[in-house]
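Undergrad: my questions concern the predicted model and sequence given below.
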Protein chains: 2
Amino acid sequence: MSFVTLQERINTLQNPTVVGLDPDLQHIPPQILEKHIAELGENLDAAARAVIEFNMNLIEALHDIVPAVKPQAAYYEILGAHGIQALKLTCDYARSKGMYVIIDAKRGDIGSVAETYSEAYLGTIKVGSAEYAPFNADALTVNTYLGSDGIKPFIDTAKKHDKAIFALVKTSNPSSGEIQDKMVNKPPIHLYQAVGEMLEDISDDTIDKNGYTCAGAVVGATYPEELSRLRKKLKHTFFLVPGYGAQGGTAENVKGAFDENGNGAIINSSRGIIAAWKKENAHYADAARKEALSMRDELRKVLDL
Amino acid sequence: MSFVTLQERINTLQNPTVVGLDPDLQHIPPQILEKHIAELGENLDAAARAVIEFNMNLIEALHDIVPAVKPQAAYYEILGAHGIQALKLTCDYARSKGMYVIIDAKRGDIGSVAETYSEAYLGTIKVGSAEYAPFNADALTVNTYLGSDGIKPFIDTAKKHDKAIFALVKTSNPSSGEIQDKMVNKPPIHLYQAVGEMLEDISDDTIDKNGYTCAGAVVGATYPEELSRLRKKLKHTFFLVPGYGAQGGTAENVKGAFDENGNGAIINSSRGIIAAWKKENAHYADAARKEALSMRDELRKVLDL
């Protein structure tokens, strides 16, 4: 179903990369913000317009070599309603350029609230007889702490609209183990493994022609052994792998995320690509493209592509 | 620190209640939406204006008897940028009426992303030399699956701005036990207890004059035994208790959430109050006030107020 289009795009470009669009104002070249401030004043509208310009130029520079983008919701929410408009325009523009759009919002709630979140990002809302798709993303990241009834509404919405989710299984941060590595069940397994198995279990009616359900998993590049072990256990789960680059993960570290055909995973880099201009003394779009090509080539090497 | 103002307001009104502002379009009397559609058309702007009108009239009807409101972010996000503007105006109006505002967004992420979420909802952002508080809520709900480095940035921001958080410990939904009730550690305890203890641990430098840190916990009314047990264990943790009313929790069920002085907890009801008009054949604001008074009186009874 829904990861089919992502896998096709990855195969066409021979590049299993997603670029994280995390437009912290610190990552945007100062002259862009200054230009919009000169026009609109020092306000959230000007900041949001700087974000839009930055993202659109990045998408323009990357869409023919990178299959997907992952806007990180926090950086849009901090700009209020203007930021949300920037998020919507970013999603629309990326899709118009053929990119797969993963909104990284890590939403998690129960019942009708979970349903509302999932319809907000992946689906639609009716106002009178008119229907709107507020963001129309292809996939959404989802938190798993609330258990299966916090995840099923997202899976149901994904099924309904032929979209997908990525649920948190083993995250890339140093203290992820405090919760996720706890030993549970008998015989004992790590909590993250139990979460991964539950995820595969509640989505097993959505397996696509490549063997993957619509409920993918977030598994960090910073834990390569866990990544390889999970790949073997969760044969039907597509992986979104953060932690490459700025967080320390290498191409060798993420090799274990892929199945025997080199499918079933996509590797994220955010700052490493979008803020490459800080190290390269080049236009930010050129610097991002250069860095994305270098990441693609690193991944191709370990995947024998 | 930050729960001091909430406790004061609770004591003044003798009412430990928070009303959940979950403006699902289904919960809003149809004539309100129709009026805005007549003016603006069938679009998200009209829907957002219906939400604003509904919320403002509820706040007007409740602010002298209820100390706090808890807007549920999902119902605003599904209306896109217009919905986020409605969320901001709702927060501003509630605060102007003296209410304590808890944004229920269950955000969870790591490092600079967690910092950005926390500044978005509790703090500020600088654009050039100007500083903006996008939402300026008093408290924010936070997910705990990512471990302490996913929670500390929220606590740091809360400290900086004299605000607070409520982190998910034991949620009210039927399947919360799948993750949160797992037995962990030696000697074995439930995961939710380990999470609660970690929370108290990483916030113990913020204990206020009432004995509470700025890092509260979400503990569901639907698990009264767990609630009482946690109250005894987590002596410095303020509780936000969902699950009262529509989800099945009673005043007797939540008695165990309070400390020996009747402090340290606030009980949420959402649909039960804001959608009371559906059962009562009265104006929604009057129906909500009547229901809120009845909930207050139930709670006063079990708390001997």
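TA: Yep, it's here.
Undergrad: residue A:230 sits in which helix or strand?
TA: Under the criterion of DSSP states H and E, residue A:230 resides in helix A:224-233.
Undergrad: repeat that for residue A:216.
TA: Applying DSSP H and E as the criterion places residue A:216 in strand A:215-219.
Undergrad: can you list the strands that that strand pairs with?
TA: If you go by DSSP bridges, strand A:215-219 pairs up with strand A:164-170 (parallel), strand A:239-241 (parallel).
Undergrad: could you dump that strand to CSV, C-alpha only?
TA: The C-alpha trace of strand A:215-219 is given here as CSV (Å, rounded to 0.1, in the frame of the first residue of the first chain):
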residue,chain,number,x,y,z
ALA,A,215,2.9,1.1,10.0
GLY,A,216,6.7,1.8,9.8
ALA,A,217,9.0,2.2,12.8
VAL,A,218,11.5,4.9,13.9
VAL,A,219,14.8,3.2,14.8
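Undergrad: mean confidence for that strand?
TA: Averaged over strand A:215-219, pLDDT sits at 98.
Undergrad: that older thread, are the helix holding residue A:230 and chain B in contact anywhere?
TA: No - counting by Cβ under 8 Å from any Cβ of the partner chain, chain B has no neighbours in helix A:224-233; the shortest distance is 14.4 Å. For glycine as for every other residue, the C-beta is placed from the backbone atoms N, C-alpha and C.
Undergrad: and that helix, what does it pack onto?
TA: Packing partners of helix A:224-233 (3 or more Cβ pairs under 8 Å, 6 or more residues apart in numbering or on different chains; DSSP states H and E): strand A:164-170, helix A:191-202, strand A:215-219, strand A:239-241, helix A:251-254.
Undergrad: show residues contacting the shortest one.
TA: Counting by Cβ atoms under 8 Å, 6 or more residues apart in numbering or on different chains, strand A:239-241 makes contact with A:18, A:70, A:102, A:141, A:166, A:216-221, A:227, A:230-231, A:249, A:254, A:257, A:264-268, all of which sit outside it.
Undergrad: so how far is that strand off the chain centroid?
TA: Here strand A:239-241 is found 8 Å from its chain centre; the criterion is Cα atoms, centre = their mean, to the nearest Å.
Undergrad: surely residue A:153 touches residue A:111?
TA: Yes - using Cβ atoms under 8 Å, residue A:153 is in contact with residue A:111, at 7.0 Å.
Undergrad: tell me which of those two has more neighbours.
TA: Per other Cβ atoms under 10 Å in any protein chain shown, whichever of residue A:153 and residue A:111 has more neighbours is residue A:153, with 21 against 16.
Undergrad: secondary structure class for that one?
TA: Following DSSP: H, G, I helix; E, B strand; the rest coil, the label given to residue A:153 is helix.
Undergrad: could I get the pLDDT score of it?
TA: pLDDT, residue A:153: 98.
Undergrad: with adjacent residues omitted, what lies nearest to it?
TA: residue A:114 (3.8 Å; Cβ to Cβ, 6 or more residues apart in numbering or on different chains).
Undergrad: picking up where we left off before, kindly reformat the strands paired with strand A:215-219 as JSON lines containing mean pLDDT, distance to residue B:60 and mean neighbour count.
TA: JSON lines is the format used below for the strands paired with strand A:215-219 (pLDDT from 0 to 100; distance: least, Cβ to Cβ, whole Å; neighbours: other Cβ atoms under 10 Å in any protein chain shown):
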{"stretch": "strand A:164-170", "mean pLDDT": "98", "distance to residue B:60": "39", "mean neighbour count": "28"}
{"stretch": "strand A:239-241", "mean pLDDT": "98", "distance to residue B:60": "45", "mean neighbour count": "28"}
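Undergrad: dump the ones you listed to JSON lines, plus distance to residue A:197.
TA: Shown next, in JSON lines, are the strands paired with strand A:215-219 (distance: least, Cβ to Cβ, whole Å):
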{"stretch": "strand A:164-170", "distance to residue A:197": "10"}
{"stretch": "strand A:239-241", "distance to residue A:197": "15"}
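Undergrad: and of the ones you listed, who's closest to residue B:297?
TA: Evaluated with Cβ to Cβ, the strands paired with strand A:215-219 place strand A:164-170 nearest to residue B:297, the distance being 41.5 Å.
Undergrad: chain center to that closest one: distance?
TA: Once both centres are worked out by Cα atoms, centre = their mean, strand A:164-170 turns out to sit 9 Å from its chain's centre.
Undergrad: of the contacts of strand A:239-241, buried ones?
TA: Buried subset of the contacts of strand A:239-241 (neighbour count, 16 or more other Cβ atoms under 10 Å in any protein chain shown): A:18, A:70, A:102, A:141, A:166, A:216-221, A:227, A:230-231, A:249, A:254, A:257, A:264-268.
Undergrad: which is the next helix or strand following the lowest-mean-pLDDT helix or strand in chain A?
TA: Each helix and strand of chain A was given a mean pLDDT (mean pLDDT, DSSP states H and E); the minimum falls on helix A:277-280 at a mean of 92. The helix or strand immediately downstream of helix A:277-280 is helix A:284-303, counting by DSSP H and E.
Undergrad: rounded mean pLDDT for that following helix, please.
TA: Per-region confidence: helix A:284-303 scores 97 on mean pLDDT.
Undergrad: just checking, what packs against it?
TA: strand A:17-21, helix A:44-62, helix A:251-254, strand A:265-269, helix A:271-274, helix A:277-280.
Undergrad: what angle separates it from helix A:44-62?
TA: Between helix A:284-303 and helix A:44-62, the angle comes out at 50 degrees (axes from the mean of the first three to the mean of the last three Cα atoms, to 10 degrees).
Undergrad: now what about helix A:284-303, what contacts it?
TA: A:13-17, A:19, A:28-29, A:54, A:57-58, A:60-62, A:65-66, A:244-245, A:250-252, A:254-255, A:258, A:262, A:267, A:269, A:272-274, A:276-277, A:279-280, A:282, A:305.
Undergrad: quick one, that helix and strand A:17-21 angle?
TA: 150 degrees.
Undergrad: for helix A:284-303, buried residues please.
TA: Quick answer for helix A:284-303 (16+ other Cβ under 10 Å): A:284-285, A:287-292, A:295-296, A:298-299, A:302-303.
Undergrad: for stretch A:70-77, same thing?
TA: Within stretch A:70-77, the residues that count as buried by 16+ other Cβ under 10 Å are A:70, A:71, A:72, A:73, A:74, A:75, A:76, A:77.
Undergrad: from the chain's centre, how far out does that stretch sit?
TA: 10 Å.
Undergrad: and that stretch, is it in reach of chain B?
TA: Yes - counting by Cβ under 8 Å from any Cβ, chain B is contacted by stretch A:70-77 at A:72, A:74, A:75, A:77.
Undergrad: can those residues go into TSV with extra columns for pLDDT?
TA: Formatted as TSV, those follow (pLDDT from 0 to 100):
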residue	pLDDT
A:72	98
A:74	98
A:75	98
A:77	98
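Undergrad: return the subset of those lying in helices.
TA: If you go by DSSP state H, the residues of stretch A:70-77 next to chain B have A:74, A:75, A:77 in helices.
Undergrad: the stretch 1-150 of chain A: strands as residue ranges?
TA: For the stretch 1-150 of chain A, strands defined by DSSP state E, counting those that start in this stretch occupy the ranges A:17-21, A:68-71, A:100-107, A:125-127, A:130-132, A:139-142.
Undergrad: for residue A:91, find the nearest of those strands.
TA: Closest approach to residue A:91 among the strands of the stretch 1-150 of chain A (Cβ to Cβ): strand A:100-107, 5.0 Å.
Undergrad: now the closest one: mean pLDDT?
TA: On average, strand A:100-107 scores 98.
Undergrad: please apply the same query to stretch A:189-204.
TA: Per-residue pLDDT values over stretch A:189-204 give a mean of 98.
Undergrad: touching chain B at all, that stretch?
TA: Yes - Stretch A:189-204 comes into contact with chain B (Cβ under 8 Å from any Cβ), by way of A:191, A:194, A:195, A:198.
Undergrad: hang on, the earlier thing: mind giving me the packing neighbours of the least confident helix or strand of chain A?
TA: helix A:284-303.
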